[in-house]
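S.K.: Structure of the sequence below:
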Amino acid sequence: MGISHLLPTLEKLSRPITASFPQDGTHRPTAVIDGSALAHHALSRYLRTLSKQNLTPSLVGFDYDAYGRSVVAWLDAISVGFEIIAICTDAHLPSYKTPTRLSRMQNTVNGLSRLRTLSTSLVDTSRLVNWTPTFLIAAFCDAIKRHGRWSDVLKSVPGEADAFCAAAAFSHPTVSTSSTGAESERVEVVIFTSDSDLMVYPTNPTTRIAFFNDIVFEHTLANGSTVKLSLWNPYDIDRKLGSTDTERRMVKFAWCLLTDSIKARSIISGKPSNPNKIIVPPEFQEQYTLPSSSLTTQELPLIYDSRAGEVVYSSTLYSSLAHPPIPTGEQEVTIYLPVLLEDTTRPSAWNIGRRTRVAAYRLLYTRDTTIIEIHRKAAGVGRTAISPSDEQYDVGLSEYIDSPFINTPDQAENETINPLLINLILEIISDYDNRNTPLSQVDMIALIAAITRYPENAREEGSGRVHVNLWTWFRAHLWAQVMAGLWSLYLLHTTLSLPLVDATALVGSEKDGHGFEKGKKQWEPVGGLVGVIDAGRFMAVYSHMPEQRQKGGKKGRKRAKLDSGVNGGVDEVVRGAVGKIFGDVGWKVVQEVLGVVEERRRERERQQEEEEPEGEMFMGMTVG
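M.R.: A predicted model of the protein is given here:
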């Protein structure tokens, strides 16, 4: 990340200094952490650790809990030598990132398509290079919030994290320089990052930058635990380039490095040059300006997922908080949906949850705004245009509240199930029914298992990586649909919790309003995104099944009709194999859901029979 060759080039001008903290037994500088960079670095180290143990993680049902523990371990180790005052994660990326984002999305989809060709049956994620788990940033934030120690300093910022990290360091009080100049060498603030761009931002004399790859955690009997790292001094480098208080040449040098490497090497070598002749485009200069103090103090509630944050800050309600500023008056808004590990031969998993996302769009955008969703289509990156004013999406909140599973007295107090997630499962099942490829009973039970919890005193199954050999492409796609629906619910939950948002825009009647207030608590578990669904339980259903029943999803409509009965018609083989995963309460939910599905299927069949033309059958054809 960052500007290519920036650090090796600057090293010719000033080398980083190695230091260990805490110094003198007490001095612990302040730390500002680029959370997005740490999230990816912790992932890299976590995967490397598993590799050394000869363990292969499943990137389909990724173990977010184990990853979260590694994040907390990193912060614990850093806090030995530093006082952490800010952890910033991206919640909006500026428009100049568009070409890079589209290119990365296409490369990811290309890799997914190649994997689908090479591994036709099971999903062999060991062949998938540079894949990032979909909910990585959300898992990073969730781990910190649950740990509690740094929850108050965790922020999802309306821009790139590096700009707000630089602003936090720049605004931190510095020690005044003594007559000997000794205090000017004292390190007061260290920015932790993986992005070389931070070398270009304005800094104070006592600010240093450290890169995660250069950090070593040590422990000795003499000094105890220390953090050893290489510290870059961007302020000193900027002065060596000839900068003054009124003119910063670091930005001009960075621009030359991108566009004219010969001139950049000339500047570093000390040869005569006229920086005034270097014209830097305003768009590039804007990238390396610090956000105003008003932006750093006006904060929205923490948004766990970066893509959901982009939906929020692209709205005219909150676009004034973004850095760099977002042009106002745009009638078309582009939304980059997370990339899912799905089957590229099937329709996009993002067909699930679409109506839920549109409900969020209606709260955030004007009715004449066109939403362009960017997501995978076939083996490429496609666009889907959505207008919140379209009648087919013009629905009230009753769609999310008024169901047989919400506001029922015995279930409202039951923590085993969440009605919103039940509605999500029913939406997925209906999607397959509408395509005339209904899910088998085993597949539906696996979906229900993913959103429920183990009964008390029951042995929990292992994480997703234990079942890596059972991840077929069909199951991976089914799981991607669950994630798409959950993310859509999270987006609507996030939107409803924001200030300035008027939920009455979705309340079409007094019934809607009453139901919404009564059912608000149902949204709370969705707010964390990670930990709501369980890949281990999803795959446990398949691993407990006899081998001949694990292939039930391929038998088509006839098998699905035989599999799912209403009046206790759950296959006894299935009940015996997976009943212990649910317990009595959970199994009751399974029967109720399957009953609703069967009733809907029967109603669908009745409608199809009524629509069939009357006539006599002759050799399989309708005549007359």
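S.K.: roughly how far is stretch 21-31 from the heart of the chain?
M.R.: In terms of C-alpha atoms, centre = their mean, to the nearest Å, the centre of stretch 21-31 is set 34 Å apart from its chain centre.
S.K.: Then stretch 323-337?
M.R.: Computed by C-alpha atoms, centre = their mean, the chain-centroid distance of stretch 323-337 equals 20 Å.
S.K.: Equivalent analysis for stretch 148-160, please.
M.R.: The chain centroid and the centroid of stretch 148-160 are separated by 15 Å under C-alpha atoms, centre = their mean.
S.K.: Endpoints of it, how far apart?
M.R.: 24 Å (C-alpha to C-alpha, to the nearest Å).
S.K.: Measure how buried residue 172 is and give me the count.
M.R.: By the criterion of other C-beta atoms under 10 Å, residue 172 has 17 neighbours. Yep, even glycine has a C-beta here, placed from its N, CA and C like the rest.
S.K.: Please give me every residue in contact with the closest residue to residue 213 other than its chain neighbours.
M.R.: Among residues not flanking residue 213 along the chain, residue 194 sits closest, at 7.0 Å (C-beta to C-beta, 6 or more residues apart in numbering). Neighbour list for residue 194: 1, 34, 37-38, 40-41, 211-213 [criterion: C-beta atoms under 8 Å, 6 or more residues apart in numbering].
S.K.: If we use 6 Å, what do you get?
M.R.: Residue 194 makes contact with 37, 41, 212, according to C-beta atoms under 6 Å, 6 or more residues apart in numbering.
S.K.: mind checking how far the last one is from residue 43?
M.R.: What it means is residue 212. From residue 212 across to residue 43, the span is 11 Å (C-beta to C-beta, to the nearest Å).
S.K.: what residue lies at the spatial centre of the chain?
M.R.: residue 135 (3.5 Å; C-alpha atoms, centre = their mean).
S.K.: quick one on the thing from earlier: for residue 123, state which of the contacts of residue 194 is nearest.
M.R.: Among the contacts of residue 194, residue 41 lies closest to residue 123 (C-beta to C-beta), at 25.7 Å.
S.K.: Could you pull up the mean pLDDT of whichever strand or helix holds that closest one?
M.R.: According to DSSP states H and E, residue 41 maps onto helix 35-52. Average pLDDT, helix 35-52: 94.
S.K.: what's next to it, contact-wise?
M.R.: Residues outside helix 35-52 that contact it (C-beta under 6 Å, 6+ apart) are 57, 67, 70-71, 74, 87-90, 136-137, 140, 161, 193-195, 212.
S.K.: Okay, and which of the residues you listed map to strands?
M.R.: Among the contacts of helix 35-52, the residues falling in strands (DSSP state E) are 87-90, 193.
S.K.: In the stretch 201-350 of the chain, mark out all the helices, start to finish.
M.R.: 234-240, 250-259, 261-269, 282-287, 293-297, 306-313 (DSSP state H, counting those that start in this stretch).
S.K.: next SSE after the helix or strand bottoming out on mean pLDDT in the chain?
M.R.: Least confident helix or strand of the chain, by mean pLDDT, DSSP states H and E, is helix 409-412 with a mean of 42. Counting by DSSP H and E, the next helix or strand C-terminal to helix 409-412 is helix 419-434.
S.K.: Which neighbouring elements make contact with that following helix?
M.R.: With contacts taken as 3 or more C-beta pairs under 6 Å, 6 or more residues apart in numbering; DSSP states H and E, helix 419-434 sits against helix 473-496.
S.K.: any idea of the pLDDT on residue 405?
M.R.: Looking at residue 405, the pLDDT reads 50.
S.K.: So residue 372: helix, strand or coil?
M.R.: When classified by DSSP: H, G, I helix; E, B strand; the rest coil, residue 372 comes out as strand.
S.K.: Domain ranges for this protein, per the record?
M.R.: 6-92+130-287, 396-611 (automatic domain parsing).
S.K.: how about stretch 64-82: buried residues?
M.R.: Within stretch 64-82, the residues scored as buried using 16 or more other C-beta atoms under 10 Å are 64-68, 71-72, 74-75, 78, 80-82.
S.K.: Inside helices: which ones of the residues you listed?
M.R.: Judged by DSSP state H, helices contain the following of the buried residues of stretch 64-82: 64-68, 71-72, 74-75, 78.
S.K.: Identify, from those, the entry nearest to residue 493.
M.R.: Using C-beta to C-beta, residue 64 is the member of those that sits closest to residue 493, with 18.3 Å.
S.K.: Could you find the closest non-adjacent residue to the closest one?
M.R.: Residue nearest to residue 64 in three dimensions, not counting chain neighbours: residue 139, with 4.1 Å by C-beta to C-beta, 6+ apart.
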